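> this is the structure alone, sequence omitted:
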Ligand SMILES: Cc1ncc(COP(=O)(O)O)c(C=O)c1O
Ligand SMILES: Cc1ncc(COP(=O)(O)O)c(C=O)c1O
């Protein structure tokens, strides 16, 4: 299989930077305008790639912070169409890769192929669908492959080596390893156990490895460095946004990487 | 069996009066003093004999008016001992026969024999115990007989001829025929049916016959005259007492017999 | 009168003369029914298709482990339709009412359980139905009144006397002496004039019959002891009667100890010394009365045990020693209920929980090879207002206050 | 993953990756249990000693007389311990939890029935227990919360999303993805990711197994139709599965018609045209959602039917025509409940009463030689607040206001 475009980007970028940073926003939260400004701050602060979450009413895998962002966005009228429009603007304005994060029903209702075609058309490079195990994802995987887009699957501390292998085979671009059990946005202990787990992940896939769930400080990034390719900071940026407003985002990202 | 003293009185009195009048009071209602004054008014107004009810907490056979009089008397402290004292004064002051009306537990707790002995000692001439059928009354009946006192049983429209006969055999002084089903103090229709029933009562016993339950007017007495020996006015006098006070009692009794 | 219905020196039929033919008719019908095997069969059939007899006997390993000692089995009368053993009695009397050709039933009720059961039976049999309930109880037990009314029963608040259960009984008798021609009085417990104590006990004996078979099946031998709470005495008579012929089974009746000894503080006629023999409400038994024979106030956390008298049959079993009587205080009762809920997921009515208290006190001293049976006469979830008050749940109070606000607004 | 669990185009297991091993373990345990006759035997034994299985099938002559037509039989799941068919499912999953060696259970609940049932099971099995319940439901259903807490369960009000059942399900999954090692998620209905729909239906199939035997025994032949209300679909699957191999028995599922057609007015996923196929809460079925796939508000007088999705098995039986789906409106439901209470002394839960509505509409047209079965999935007396509000009983409101006064005073 030829190397996927997102994977290429990550590998190239890694040549200059020992740990990339992926951040996360919920499209339409706190508003569509603010979303755009947040992305701008992040890119300017040196983020390497970003997850854009299309809000869903039942975000089963998300913890309280992202959950609230999802439902606030929806109650302010975040339609899928608008998310696409905003994503298109973002992709056009900023020169890093963006991936979608959303739940499967958003694709399904839109029509899976149509959804992937449109993603491709606006230049989104991959997607994370946390409630779509590869067993359920045939149509999706085929469509993603057609467009050389990256279906990103998730490794967990519970995943067996065989399961990791299977997930890796069905993925492209990178693997998203969650640092612990649970949902987004809770505390994670960065310990030896986590190191062992990351070594296991590393052994199971040749794709770039992103580590997420509970990553939120300079120290966390130090811990991850050398064990994974990408650190994912998700809920924490939303917390910062809520606490300090859009202007607080850039300093936070800079401090992380300082 | 020699004629009972109460029966003798009734028969003699009937020689001059075609319908005797028996009234009813609850001892201690509205107060012990008032009870005495009510008796006085009644006797002066020409009542021929009277029931004195010793209050009981569970007056199962009484309707709302007498029920309330019972419980008011009790809550003002009507003890059995006080009822006896008052009854004794009444018997001493007024020259008509008095009978007790109460429920069996009052006798039972006092000691049935002792109760009857004390009744006899103060000159009470009989008793009506509505929850004591003759089957349950051996001890009571024996004690009453020893003192030549009148155990008065009740005929009802439901009683068979045989039952009436049995009740009559166990009674002395008179028979109390209730005019209808139900409890004291409700409306009674004085009709042909009632006449037939009284004829049946008459046939079943040679004792004087009192008719009670719902008797309350001059017309009622006219209806009864010739069919029974005694008219019993119970709840209505309490109603009058409540409406017009002690002073209303005499005019009411006089009007009844006018 | 056909039969005086005495159990040693207790019982009898101290009834107004006007009811004598009614009682004769009732006794005749009852005797005929007892003599007719088809009647009992029809009764069992009805109880197994309309309610869920046989009710299970549940082994409670968690409680057994908690106390050590004998194995605890619980007879599940709470699973009956309408939530208590009261269903057995009313359905039986319903069949008898039909047999007598009557078309209307009346009943007294205290806690409301018997009222609900009777109203249910009346709906099922198509009888008219009037329920007498002390005004105080109507106020306290609105949920039960609500259901009775839904069933089509007329609920009449009794405003006389102490406005509680005993006054409702008097009032029911007052109705009956007026309407006996078409009306049967469905007395709710093994009290009242003969033949009620025998009749109610007979219908409730289905509990003991089943329990005896079930314990032999489950445990392989008879229980050492059987426990039941005692209000009027019907659920106790029901369970105990299954073991009268088994002298090795000790029978323990548990009364309402309320706040402890002293007239007005409890409703223990047999376990405490405050009661004396008397005659009221048509029968002779131990009553909580004063020296004059006036009935006194009683108290219990459980409305269903809060009654001045007790089954004359149990009074005789007390005097002859066949049944041991104990009392459980309000506080002990709430604790036993909470423990049972917590450890077994069963919610015994506060009434039933009295039996649990005494069993819990003693079971640890018995041999682990042995078993005991406790009668769970009813479930507590219908009495949530009482239970919530008993455990003083602040969130419940907040909920009620908020609900009241809501009602006030749209009123 | 072992099995994708599809029923035609519905079902599946759309689960977060972290739960894949947990689902594999669950499916393995479930398959083993299904293959092990001793397991079913243990289950039946438990249900017949702890709850009162077999629950009766009650013939309702009064309702039959009222409507004419076929004879009405009612399957009495209301007599189960805790008052609904929910007991079947939770006790089964309790056994499975024990088999998997887990020590903690979690569950979502809407009306509170499933929460109470799960808390009860946890008390019985000695499991720790956490119940997720939408904050709005906690406020509305305090009586059930009260009992769950008495059982020792922790009830967590879910303050996210619409703060109702579906949000409680999401929250339970969030707990599970954290605590799967020692925790089993006791899903309350025949929905959710595979194997839940099959598993819950299997435990509930005890209803249909019994009902089929009972109707043959009582009526001599199969019923013409069988009716059940459909929330998630578990009681319907339970009853219907007894008759899947009997093509002559028409199966009728009745959904919450609420205030009638239109998104937000009801919870009819199959009977009305407002739902469309989607994937949420881990499975694929008809959902009440908008064009984007966002779940929409639903409404029903009965909290237990007020849910956006429906069993994928029922969705397939809808599409292949084996089950007919109808909707009953709030108003019809309250009327059917009141009639049933009045005429039979049975108090079907508002949920169950949906099935009664449709049966009552049709039964008059059937042959008097025929019979129908209606599933009375639960009893209404635990929902007195809802029922009292539904029938707008002024005396109930007065009672609550007075009770609130009392609490305010001693507060
Ligand atoms: C659940 C329950 N248990 C017990 C009783 C007490 O009655 P008895 O002693 O007749 O069984 C009642 C009375 O209401 C009751 O509701
Ligand atoms: C009594 C009752 N019936 C029915 C339902 C609906 O659930 P299902 O469709 O799974 O049977 C519920 C849910 O709470 C319920 O409590």
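Sure, I can see it. Fair warning: this is a prediction, and the values are worked out from it, not measured in the lab. Numbering: from 1, shown residues only, chains lettered A, B, ... in the order given. Ligands and ions are numbered 1, 2, ... in the order given.
> packing partners of the helix or strand containing residue C:315?
Remark: residue C:315 resides in helix C:312-319, with elements defined by DSSP states H and E. When contacts are defined as 3 or more CB pairs under 8 Å, 6 or more residues apart in numbering or on different chains; DSSP states H and E, helix C:312-319 sits against strand C:6-7, strand C:10-11, helix C:196-219, helix C:234-240, strand C:250-258, strand C:283-287, strand C:323-329. Where you see a C-beta, it was placed from the backbone N, CA and C, and this is true even at glycine.
> most packed of these?
For those, the stretch with the most neighbours on average is helix C:234-240, a mean of 32; neighbours defined as mean count of other CB atoms under 10 Å in any protein chain shown.
> including distance to ligand 2 and mean pLDDT, could the helices and strands packed on helix C:312-319 go into CSV?
Written out in CSV, the entries for the helices and strands packed on helix C:312-319 read as follows (distance: least, CB to the nearest ligand atom, whole Å; pLDDT from 0 to 100):
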stretch, distance to ligand 2, mean pLDDT
strand C:6-7, 45, 95
strand C:10-11, 45, 97
helix C:196-219, 27, 98
helix C:234-240, 28, 98
strand C:250-258, 34, 98
strand C:283-287, 43, 98
strand C:323-329, 34, 98
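> out of these, which is closest to residue B:139?
Shortest separation from residue B:139 across these is recorded for strand C:283-287, at 12.5 Å, computed as CB to CB.
> quick one: list the elements packing against that closest one.
Helices and strands touching strand C:283-287, by 3+ CB pairs under 8 Å, 6+ apart, are strand C:10-11, strand C:276-280, helix C:312-319.
> tell me which residues are up against it.
B:105, B:108, C:9-14, C:191-194, C:196-197, C:269-270, C:275-278, C:280, C:295, C:308-312, C:315, C:318 (CB atoms under 8 Å, 6 or more residues apart in numbering or on different chains).
> how far off centre is stretch C:208-220?
Per CA atoms, centre = their mean, to the nearest Å, the displacement of stretch C:208-220 from the mean C-alpha position of its chain is 22 Å.
> how about it, does it reach ligand 1?
No: shown here: stretch C:208-220 not in contact with ligand 1 (CB under 6 Å from any ligand atom), separated by at least 12.7 Å.
> what's next to that stretch, contact-wise?
For stretch C:208-220, contacts defined as CB under 8 Å, 6+ apart pick out C:53-57, C:59, C:71, C:73, C:75, C:221-223, C:226, C:238-243, C:246, C:371, C:373, C:375, D:49.
> same question, stretch C:297-305
Residues outside stretch C:297-305 that contact it (CB under 8 Å, 6+ apart) are C:110-113, C:137, C:140-141, C:162, C:165, C:229-231, C:255-256, C:258-259, C:263-267, C:288, C:306-308, C:330, C:333-334, C:349-351, C:353-354, C:378, C:383, C:386, C:390.
> now these: which count as buried?
C:110-113, C:137, C:140-141, C:162, C:165, C:229-231, C:255-256, C:258, C:265-267, C:288, C:306-308, C:330, C:333-334, C:349-351, C:353-354, C:378, C:383, C:386, C:390 (16 or more other CB atoms under 10 Å in any protein chain shown).
> list phi and psi for residue 229.
No chain in the question, so chain A it is. phi -90, psi -30 (degrees, to the nearest 10).
> sorry, I should have been clearer: chain C.
As for residue C:229, its main-chain torsions (degrees, to the nearest 10) stand at phi -70, psi 160.
> who's in contact with the nearest residue to it once chain neighbours are set aside?
Distances taken as CB to CB, 6 or more residues apart in numbering or on different chains place residue C:354 nearest to residue C:229, at 3.9 Å, with adjacent residues excluded. Residue C:354 makes contact with C:229-230, C:254-257, C:302, C:305, C:328, C:333, according to CB under 8 Å, 6+ apart.
> ok, which of these also contact ligand 1?
Applying CB under 6 Å from any ligand atom, the subset of the contacts of residue C:354 adjacent to ligand 1 comprises C:229-230, C:305.
> still on that earlier bit, among the buried ones among the contacts of stretch C:297-305, which are in strands?
With strands identified by DSSP state E, the entries of the buried ones among the contacts of stretch C:297-305 that belong to them are C:229, C:255-256, C:258.
> show me which residues of the helix holding residue C:315 are buried.
C:312-319.
> same check on stretch C:14-30?
Neighbour-count burial for stretch C:14-30, counted by 16+ other CB under 10 Å, picks out C:14-23, C:25-27, C:29-30.
> what does stretch C:158-168 give?
Buried positions in stretch C:158-168, judged by neighbour count with 16+ other CB under 10 Å: C:158, C:160-168.
> any residue of that stretch up close to ligand 1?
No: counting by CB under 6 Å from any ligand atom, ligand 1 has no neighbours in stretch C:158-168; the shortest distance is 8.6 Å.
> now the end-to-end length of that stretch.
Between the start and the finish of stretch C:158-168 there is a gap of 6 Å, counting by CA to CA, to the nearest Å.
> distance between it and the chain's centre?
Taking CA atoms, centre = their mean, one finds stretch C:158-168 lying 18 Å from the centre of the chain it belongs to.
> residues in contact with that stretch?
Outside stretch C:158-168, the residues within contact range by CB under 8 Å, 6+ apart are B:57-58, B:64, B:67-68, B:71, C:108-110, C:132-137, C:157, C:170-171, C:280-281, C:295, C:297, C:303, C:306-309.
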